[in-house]
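Engineer: Have a look at this prediction, sequence included:
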Amino acid sequence: MKQTTYFTFLLLIFIGQTTFAQKKLPIIKANSTSVDIKDNNQLRKNAWRIVPEEKLDVYTTSAKKVTFYTDIDSISFKIDPKKNYDFIILLNGKDSARTQIKYKPSRLDILKGAGKYNYTDNRFIPKFEYQSAGNPNLQKIRQDLKLDSIAGKGSELSQIFNLLHWVHNLVRHDGSSDNPTLKNAIDLIKVCKVENRGVNCRMLATILNECYLSIGIKSRYITCMPKETEFDDCHVINMVYSKELEKWIWIDPTFDSYVMDEKGNLLGIQEVRERLVKGLPLVLNADANWNRENLQTKEDYLDNYMAKNLYRLQTPLNSEYDTETWKSGKEVTYIELLPIDGIEQTPQKKEQINNSTGVKFIYYKTNNPNLFWTKPE
């Protein structure tokens, strides 16, 4: 063998060994398919299931450090957002499950990248309207539901919170339920009682909104949406105007929740969003809960769930009785506030008629929070 050929042969062997070494992945052992995962300092029990049949099982995270715990072994990685981390879980000493940890920005990270609005956006949107408490339908709600007794004779804020707690405790939340045909406070409460059922967050916010309007408190319900234009989950809460505080405040009947700053000052939706973007302190009321069963934490409710759903906001133009009971010939207008990096900025105005209901929908978009959060007259 010539010397040059010999050295070429050795080089090929070396390259082959190096390539093999690069492909050799870390291995941890397991006797159970259930895996606990710690993202940073948050440990989640039974967060992962080992599936050897999968060609590559990918776990996405926004954490800086991730640890997988099997019943007999563990492995940790410090996460670089630009890298993927591959390893093998050997189940029962024979079945290999190739696993990958991949960085994915958190919903809070995505929201922080969408903090910018255009306060000079003066594209036309119609004036927001609030139905008077003297409306016969709202008067009926006030009388039939005995709201004067429920709200009480205390301050405006005490009435706001008394009605929030009452609706939360009266009607169960069921996010998977179908909406009833009649979508007003009296009929929604009635159908829940008769059918022993709950309703989704939109219907809960509808009930509470009409209760507030019926006693003369200006409010709207707000559909809080993620960045994606197609999604499986969003959330609907109320924005309620307090004359005492001269501001909008965050009210959520699904979780019986409201939000404050570190000094105990009540905050509105826009303020909560700004504080999430800037990383400023937020305090959730201690008794915030879901269906009187699960207490909520600031981290789960605000940093995770609502950070996802505060990217885009939409509200009906007219806050009134029976807004979303669909009848042929009805016209409903919605206003959407979105950041300047929102996916769909146009058209600024869109009209469409639903062929099955005969309802005409009109949609406006704005990048200007001042127009969206204008104070009621």
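Structural biologist: Sure thing, it's come through.

Engineer: Helix or strand next in line after the helix or strand containing Arg275, which one?
Structural biologist: Here Arg275 sits within helix 269-278, counting by DSSP states H and E. Where DSSP H and E defines the elements, the next helix or strand beyond helix 269-278 is strand 283-284.

Engineer: Any regions of the stretch 101-250 of the chain where pLDDT drops low?
Structural biologist: Low-confidence segments of the stretch 101-250 of the chain (pLDDT under 70): none present.

Engineer: Run through who's touching stretch 65-82.
Structural biologist: 26, 28-32, 34-40, 48, 50, 59, 61, 63-64, 85, 87, 89, 99, 101, 103 (Cβ atoms under 8 Å, 6 or more residues apart in numbering). Yep, even glycine has a C-beta here, placed from its N, CA and C like the rest.

Engineer: returning to what we had before: counting contacts, what elements does the helix holding Arg275 pack onto?
Structural biologist: helix 107-112, strand 247-251 (3 or more Cβ pairs under 8 Å, 6 or more residues apart in numbering; DSSP states H and E).

Engineer: quick check, distance from the first one to the centre of its chain.
Structural biologist: From the chain centre to the centre of helix 107-112 is a distance of 12 Å (Cα atoms, centre = their mean, to the nearest Å).

Engineer: quick check, Cys211 in a strand?
Structural biologist: No: under DSSP: H, G, I helix; E, B strand; the rest coil, Cys211 sits outside any strand and is assigned helix.

Engineer: which ones are touching it?
Structural biologist: Per Cβ under 8 Å, 6+ apart, neighbours of Cys211: 141, 145, 147, 163, 167, 185.

Engineer: Got the domain ranges for this protein?
Structural biologist: Listed by automatic domain parsing, the domain ranges of the chain are 25-104, 110-372.

Engineer: Quick check: end-to-end length of the first one?
Structural biologist: Yep, that's domain 25-104 we're talking about. Domain 25-104 stretches 22 Å from its first residue to its last (Cα to Cα, to the nearest Å).

Engineer: quick one: the strands in the stretch 151-300 of the chain?
Structural biologist: 219-225, 235-242, 247-251, 259-260, 283-284, 289-290, 294-295 (DSSP state E, counting those that start in this stretch).

Engineer: Nearest to Leu338 among those strands would be which one?
Structural biologist: strand 219-225 (8.9 Å; Cβ to Cβ).

Engineer: Does Arg197 touch Ser176 like I think?
Structural biologist: No: the criterion here is Cβ atoms under 8 Å, and Arg197 misses it with Ser176 at 10.8 Å.

Engineer: Please name the spatially closest residue to Asp57 (chain neighbours excluded).
Structural biologist: Thr99 (5.1 Å; Cβ to Cβ, 6 or more residues apart in numbering).

Engineer: Spit out the contact partners of Thr33.
Structural biologist: 49-51, 91.

Engineer: what's the first-to-last distance across stretch 297-313?
Structural biologist: So stretch 297-313: terminal residues 23 Å apart, Cα to Cα.

Engineer: Centre of the chain to that stretch, how far?
Structural biologist: With Cα atoms, centre = their mean, you get 5 Å for stretch 297-313.

Engineer: sorry, back to before: right, so the domains of the chain: which one is the most enclosed?
Structural biologist: Across these, the average number of neighbours (mean count of other Cβ atoms under 10 Å) peaks for domain 110-372, which reaches a mean of 17.

Engineer: That one: end-to-end distance?
Structural biologist: Across domain 110-372, first to last residue, Cα to Cα, it's 22 Å.

Engineer: cool, and stretch 244-263?
Structural biologist: End to end - Cα to Cα - stretch 244-263 spans 17 Å.

Engineer: likewise stretch 134-148?
Structural biologist: 14 Å.

Engineer: Pull the distance from it to the chain's centre.
Structural biologist: 32 Å.

Engineer: residues in contact with stretch 222-237?
Structural biologist: By Cβ under 8 Å, 6+ apart, stretch 222-237 touches 107, 110, 114, 175, 200-202, 204-205, 221, 238-239, 250-254, 269, 305-306, 308-315, 342-344.

Engineer: returning to that earlier point: out of the contacts of stretch 65-82, which sit inside strands?
Structural biologist: 28-30, 34-39, 48, 59, 61, 85, 87, 89, 99, 101, 103 (DSSP state E).

Engineer: In space, what's closest to Thr374 - neighbours in sequence excluded?
Structural biologist: Closest to Thr374 by Cβ to Cβ, 6+ apart is Phe128, at 6.4 Å.

Engineer: I am finished for the moment; much appreciated.
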